[in-house]
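Visitor: below are the sequence and a predicted model for it; my questions follow.
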Amino acid sequence: MSLTYKGRAIIDLLSFRFDKIDISISLPVIALVATLLYAIYVLLTLTDKPKIRGIYEVPSALPIVGHLLQLGDDHATVCEKWWRKYKHDVFQIRLGNTRAVVVNSFDACKEMLIGHQSACVDRPTLYTFHGVISSTQGFTIGSSPWDESCKNKRKAAGQTLGRPAMRSYFPMFDLETYCIVRDLVRDSKGGELSIRPYLQRYALNTTLTLCYGIRMDEVYDNLLREVLEVGSAISLLRSASENYQDYIPLLRYLPNNEKTQRGKSLRDRRDKYLDQLLNQVREMIQNGTDKPCVAAAILKDEETKLSGVEVSSICLSLVSGGFETIPGTLTSCIGSLSTPEGQVFQDRAYEDIKRHYADVSQAWAKSLEVEDVPYVNAIAKEAERYYTVSAMSLPRKAHADINWKGSTISKGTMILINAQAANHETEHFGPDAGTFNPERWLQGNPPEEIPSTGIQHFSFGAGSRACSGQLIASRLLYTALLRLICSFRIVASESEPPNTDYVDYNQFKSALVAIPRDFKVKLVPRDADVTMECMREAEARTRDAYVD
Ligand code: HEM
């Protein structure tokens with residue numbers, strides 16, 4: 001076969017090059033350049049932990065950034081897609097220089113968080129959140145590495161949030177849920193409104209009362225809005241996609257580092273209101289008007305071995321633990337209940353409440369003490385599952401080597417729990433896992449709760465670092481839902497309806513805790529006289545309970 005003119009020219013060119021190169025000099029040079037290039041590549045792909053043998057690594061990581069760009073804003077959804085695409089429910093990825101193991105399926109989350117609970121009890125420390133923002137008030141419990149101080153703080157928080165303490169909070173639950181209904185009645189007047197601000201005040205007042213014995217009566221109180229704004233901005237700075245400098249150290253040294261500056265400014269604003277709250281407690285102690293609360297107990301030196309920073313950290317943990325998670329879950333739950341399908345659930349819940357109690361007034365009073373209306377419990381549990389407000393939970397770190405099906409996840413490796421993926425796994429929850437359906441938790445007619453065996457969902461995490469506020473959270477959800485359902489039929493606005501997609505309802509997917517998109521509802525009174533009577537009773541019960 002004869003070569004074309006072009007082919008011959010290429011061969012000539014190649015042979016010319018080879019003829020001219022002195023092989024004896026060029027080989028070491030080529031080897032050196034190759035080694036250098038390889039060394040640079042290794043340097044740019046270096047991680048805190050070496051690749052874990054036997055655990056699938058998601059392909060196409062880039063030098064320096066690893067998988068950060070591919071993960072985008074919505075880590076939970078992207079990781080779920082990778083699980084389905086590559087058919088590995090547990091895989092490893094690179095967040096810049098940090099190697100992380102991502103756990104996606106229900107069974108794998110359970111195995112990791114419960115089966116290996118003592119080995120994954122640690123939390124990672126991040127440059128911006130731990131180094132900049134938390135430098136003055138200490139780490140919150142949820143971001144503390146597993147050490148003596150963390151154990152003490154968890155113990156102290158456990159006493160405040162545990163079952164025995166719950167009884168003393170009945171007046172607070174009563175007052176705060178009464179105030180939600182009171183202000184909704186006052187402000188709705190047949191029109192439409194956004195319910196989230198009322199629920200934010202509810203959650204924040206609860207934790208401010210526990211920590212400082214202080215509450216705010218106004219939905220748009222300045223201090224209240226400042227706490228919420230700063231808290232949300234900090235939650236955003238904790239996310240990997242918003243804050244590459246945590247994983248790409250070089251970025252920390254850029255001049256005019258905007259993330260560090262923002263972190264410092266948020267820290268200063270937070271210090272200011274925390275000091276203000278603590279000073280108010282000091283003043284109340286001096287005047288003899290202080291309420292039983294974490295800060296007063298510690299300031300009065302009542303049997304505590306905690307340092308000043310630990311006290312701030314506990315208060316901060318409780319305030320930040322509840323202020324977005326509770327309103328996020330409740331607001332989006334109300335969104336689902338307000339749709340035409342959701343209104344059926346509301347009516348059935350209302351029937352169930354009336355089945356359990358002689359009248360609505362008794363249901364209001366008892367909702368503080370027990371969660372015994374199955375339909376309301378089912379709605380709360382479904383809201384927790386469906387709207388997984390902390391989609392990637394709080395990051396964990398291996399405290400010891402973990403033997404994961406024959407592979408070793410070495411001590412110090414970051415572990416990410418994809419709670420959103422596990423909570424919507426069709427293999428576990430059935431084909432309607434992606435639908436808001438409280439009745440999945442019920443059986444029979446009249447409805448009874450299906451007896452719960454083991455872990456129900458991963459919205460509160462699980463195991464040794466599970467949410468410390470779970471008990472109080474479920475009471476807060478239950479009481480508010482019961483009182484709202486008894487008082488109103490909640491109907492979605494036609495012009496500003498809720499987004500009820502379990503991913504898209506969240507306007508900031510990169511934040512640690514979801515912030516639901518705005519929507520409006522119309523509140524149709526079920527029986528205005530009965531609601532008025534319930535409010536009068538609650539007002540009488542809670543009068544003088546807490547200062548404003
Ligand atoms: C619907 C409401 C809530 C949700 C969905 C929620 C969710 C979570 C999650 C996912 C974790 C991490 C668990 C893990 O790593 O396994 C956590 C930790 C924590 N939560 Fe909650 N939470 C809620 C309400 C609350 C409330 C009301 C408080 C306090 C008043 C609170 C206090 C805490 C604390 C202190 C931790 C840290 C535990 C630790 O690291 O040892 N949470 N929460």
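Guide: Thanks, I have the structure now.
Visitor: use CA for all of it now, contacts and neighbours both
Guide: Will do.
Visitor: which helix is the longest one in the protein?
Guide: Criterion DSSP state H: the longest helix present in the chain is helix 258-287.
Visitor: now the strands for the chain?
Guide: Listed in chain order, the strands of the chain (DSSP state E) span residues 90-95, 98-103, 192-193, 396-397, 402-404, 407-409, 414-417, 442-443, 448-449, 488-492, 521-525.
Visitor: now those as a markdown table including mean neighbour count?
Guide: Supplementary listing: those in a markdown table, determined by neighbours: other Cα atoms under 10 Å:
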| stretch | mean neighbour count |
| --- | --- |
| strand 90-95 | 23 |
| strand 98-103 | 24 |
| strand 192-193 | 19 |
| strand 396-397 | 24 |
| strand 402-404 | 15 |
| strand 407-409 | 17 |
| strand 414-417 | 24 |
| strand 442-443 | 16 |
| strand 448-449 | 17 |
| strand 488-492 | 22 |
| strand 521-525 | 21 |
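Visitor: can you put these in CSV and add distance to Arg252?
Guide: Written out in CSV, the entries for the strands of the chain read as follows (distance: least, Cα to Cα, whole Å):
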stretch, distance to Arg252
strand 90-95, 15
strand 98-103, 15
strand 192-193, 43
strand 396-397, 23
strand 402-404, 32
strand 407-409, 28
strand 414-417, 21
strand 442-443, 52
strand 448-449, 52
strand 488-492, 46
strand 521-525, 44
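Visitor: which one of those strands lies closest to the ligand?
Guide: In this view, those are compared for proximity to the ligand by Cα to the nearest ligand atom, and strand 396-397 is the closest at 6.4 Å.
Visitor: and the closest one, what other elements does it pack with?
Guide: With contacts defined as 3 or more Cα pairs under 8 Å, 6 or more residues apart in numbering; DSSP states H and E, the secondary structure elements packing on strand 396-397 are strand 414-417.
Visitor: now the longest helix of the chain: average pLDDT?
Guide: Averaging the model's pLDDT scores along helix 258-287 yields 88.
Visitor: and it, what's buried?
Guide: 259-260, 262-264, 266-267, 270-271, 274, 277-278, 280-282 (16 or more other Cα atoms under 10 Å).
Visitor: next: stretch 445-459.
Guide: By neighbour count, with 16+ other Cα under 10 Å as the criterion, the buried positions of stretch 445-459 are 447-449, 457-459.
Visitor: what does stretch 166-186 give?
Guide: Counting neighbours by 16+ other Cα under 10 Å, one finds that the buried residues in stretch 166-186 are 166, 169-182, 184-185.
Visitor: near the ligand at all, it?
Guide: No - using Cα under 6 Å from any ligand atom as the criterion, no contacts between stretch 166-186 and the ligand are found, and the smallest distance is 11.7 Å.
Visitor: roughly how far is that stretch from the heart of the chain?
Guide: Distance of stretch 166-186 from its chain centroid, counting by Cα atoms, centre = their mean, to the nearest Å, is 24 Å.
Visitor: swap in stretch 489-506?
Guide: Relative to its chain's centre, stretch 489-506 lies at 20 Å (Cα atoms, centre = their mean).
Visitor: touching the ligand at all, that stretch?
Guide: No - if you take Cα under 6 Å from any ligand atom as the test, stretch 489-506 misses the ligand, and the best it gets is 14.0 Å.
Visitor: endpoint to endpoint, that stretch covers what distance?
Guide: Distance between the boundary residues of stretch 489-506 (Cα to Cα, to the nearest Å) amounts to 24 Å.
Visitor: before we move on, what about stretch 135-153?
Guide: 17 Å.
Visitor: what of stretch 510-522?
Guide: Its start and end residues considered, stretch 510-522 measures 30 Å (Cα to Cα).
Visitor: buried stuff in it?
Guide: Using 16+ other Cα under 10 Å as the test for burial, stretch 510-522 gives 510-522.
Visitor: repeat for stretch 355-365
Guide: Using 16+ other Cα under 10 Å as the test for burial, stretch 355-365 gives 360-361, 363-365.
Visitor: likewise for stretch 245-259?
Guide: Of the residues in stretch 245-259, those scored as buried under the neighbour-count criterion (16+ other Cα under 10 Å) are 245-248, 252, 259.
Visitor: repeat that for stretch 150-159.
Guide: If you call a residue buried by 16+ other Cα under 10 Å, then stretch 150-159 has these buried ones: 150, 152-154, 156-157.
Visitor: what does the stretch 251-400 of the chain put close to the ligand?
Guide: Checking the stretch 251-400 of the chain against the ligand by Cα under 6 Å from any ligand atom, the hits are 317-318, 321-322, 325-326, 329, 389-390, 393-394.
Visitor: again, only using 5 Å
Guide: By Cα under 5 Å from any ligand atom, the part of the stretch 251-400 of the chain that sits against the ligand consists of 318, 321-322, 325-326, 393-394.
Visitor: would you mind checking which of the buried residues of stretch 245-259 the model is least sure about?
Guide: Across the buried residues of stretch 245-259, the member with the lowest pLDDT is Lys259, scoring 78.
Visitor: test my guess that that residue contacts Asn243.
Guide: Yes - using Cα atoms under 8 Å, Lys259 is in contact with Asn243, at 7.2 Å.
Visitor: list residues touching both of the two?
Guide: Leu237 (Cα atoms under 8 Å, 6 or more residues apart in numbering).
Visitor: can you pull the contacts of the most centrally placed residue in the chain?
Guide: The chain has Ser390 as the residue nearest its centroid, 2.8 Å off, counting by Cα atoms, centre = their mean. In this structure, Ser390 makes contact with 325, 419-420, 459, 512-514, judged by Cα under 8 Å, 6+ apart.
Visitor: which of the residues you listed has the weakest pLDDT?
Guide: Comparing pLDDT over those, the lowest score belongs to Leu512 (88).
Visitor: pLDDT score for the nearest residue to that one once chain neighbours are set aside?
Guide: Spatial nearest neighbour of Leu512, excluding adjacent residues (Cα to Cα, 6 or more residues apart in numbering): Ser235 at 5.4 Å. According to the model's per-residue confidence, Ser235 sits at a pLDDT of 81.
Visitor: what number of residues lie near the closest residue to Ser149 other than its chain neighbours?
Guide: With Cα to Cα, 6+ apart as the criterion, Ser149 has its nearest non-adjacent residue at 7.5 Å, and that residue is Glu310. Residues near Glu310, counting by other Cα atoms under 10 Å, number 21.
Visitor: the one 5 residues further on now?
Guide: Using other Cα under 10 Å, Cys315 has 26 other residues around it.
Visitor: and the pLDDT for it?
Guide: According to the model's per-residue confidence, Cys315 sits at a pLDDT of 88.
Visitor: quick check: it touching Ala296?
Guide: No - the pair formed by Cys315 and Ala296 falls short of the contact definition of Cα under 8 Å, at 11.2 Å.
Visitor: ok, Arg201 - contacts?
Guide: 216, 219, 224.
Visitor: of those residues, list those near the ligand.
Guide: Near the ligand, taking Cα under 5 Å from any ligand atom as the test, no member of the contacts of Arg201 is found.
Visitor: how about these in CSV, adding neighbour count and pLDDT?
Guide: Listed next are the contacts of Arg201 as CSV, based on neighbours: other Cα atoms under 10 Å; pLDDT from 0 to 100:
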residue, neighbour count, pLDDT
Met216, 19, 91
Val219, 17, 91
Leu224, 20, 90
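Visitor: out of these, which is nearest to Val103?
Guide: Leu224 (36.2 Å; Cα to Cα).
Visitor: can you name the residues that contact the closest one?
Guide: When contacts are counted by Cα under 8 Å, 6+ apart, Leu224 touches 201, 204, 216.
Visitor: which residue ranges of the stretch 301-450 of the chain form helices?
Guide: 308-322, 325-338, 340-356, 360-366, 374-386, 419-423, 426-429 (DSSP state H, counting those that start in this stretch).
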